[in-house]
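**Q** pasting the sequence and the predicted coordinates here, then a few questions.
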Amino acid sequence: MGDFPYTTVPGKISDLFAKIKQTGIPPKVNLQWLQSVGFKSSNDRSLLTVLRTVGFADSIGSPTDLWKQYRGQGGKQVLAKGIREGYAELFSTYPHAHACSKEDLQYFFSTRSSAGKQAIAKTISTFQELCKLADFSASSPEDEAVEKEQDTKSRDVGSNTREMKSLRDFAININIQLTLPETTDEKVYEALFSSMKKHLLTGEI
């Protein structure tokens, strides 16, 4: 049972991501960089864990493509992508985890972590503060899969409907030729045509 990453200063997450947009891309995302952009408290170093969690920095502290993309337009969607990937297990359990109540998050993290009460509280705050800065309005992978399945079913129904309509519009013509006996008795002809009507038109046998 592993513990989830968190920062002891979740209230500074907003300022941290603002600095990413305002300052240049550093060669390394490390303690020295944090101090250079104003985060000089000893507790601030835990913010580096947040950046690695959402994929903005790799394991050796190099800025990733997500870091660069966040600085442009659609930065909130980029952060949402990083959060989904960094908290993959959470989003697997709750596809709309960003909208979960504190109670649901409390249950999830506490049942999957050996961390204490204070650490769990910081874990929840870290996640919630990140979500405040992100835009999850774009379809999630699960939503996209459902939409794709529904679209496929809709196309199949439309195709079947067209096929059934084509069958209804299909007409069959049957020509019947009769060889009538030579007779002057009209009752013979009346009986013959009456029998044809009975068997061909009504379907009686």
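**A** Received the coordinates, thanks.

**Q** not counting residues beside it along the chain, what's closest to residue 70?
**A** Beyond its immediate neighbours in the sequence, the residue positioned closest to residue 70 (CB to CB, 6 or more residues apart in numbering) is residue 78, lying 4.7 Å away. All C-beta atoms are positioned from the backbone trio N, CA, C, and that covers glycine.

**Q** the one you found and residue 134, how far apart?
**A** With the distance defined as CB to CB, to the nearest Å, residue 78 ends up 8 Å from residue 134.

**Q** who has more neighbours, those two?
**A** In this view residue 78 and residue 134 are compared by other CB atoms under 10 Å, and residue 78 has more residues nearby, 23 against 20.

**Q** phi and psi next, for that one.
**A** Listed backbone geometry of residue 78 is phi -60, psi -40, with angles given as degrees, to the nearest 10.

**Q** residue contacts, it?
**A** With contact set as CB atoms under 8 Å, 6 or more residues apart in numbering, residue 78 has these partners: 66, 69-70.

**Q** please apply the same query to residue 136.
**A** Here residue 136 is in contact with 80, 96, 98-99 (CB under 8 Å, 6+ apart).

**Q** what is the mean pLDDT for stretch 75-87?
**A** Across stretch 75-87, the average pLDDT comes to 97.

**Q** buried residues in it?
**A** 75-84, 86-87 (16 or more other CB atoms under 10 Å).

**Q** stretch 104-123 too?
**A** Buried residues in stretch 104-123 (16+ other CB under 10 Å): 105-106, 108-110, 115, 119-123.

**Q** could these go into JSON lines alongside secondary structure and distance to residue 33?
**A** Formatted as JSON lines, the entries for the buried residues of stretch 104-123 read as follows, by DSSP: H, G, I helix; E, B strand; the rest coil; distance: CB to CB, whole Å:
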{"residue": "105", "secondary structure": "helix", "distance to residue 33": "30"}
{"residue": "106", "secondary structure": "helix", "distance to residue 33": "33"}
{"residue": "108", "secondary structure": "helix", "distance to residue 33": "32"}
{"residue": "109", "secondary structure": "helix", "distance to residue 33": "29"}
{"residue": "110", "secondary structure": "helix", "distance to residue 33": "33"}
{"residue": "115", "secondary structure": "coil", "distance to residue 33": "27"}
{"residue": "119", "secondary structure": "helix", "distance to residue 33": "25"}
{"residue": "120", "secondary structure": "helix", "distance to residue 33": "29"}
{"residue": "121", "secondary structure": "helix", "distance to residue 33": "28"}
{"residue": "122", "secondary structure": "helix", "distance to residue 33": "22"}
{"residue": "123", "secondary structure": "helix", "distance to residue 33": "24"}
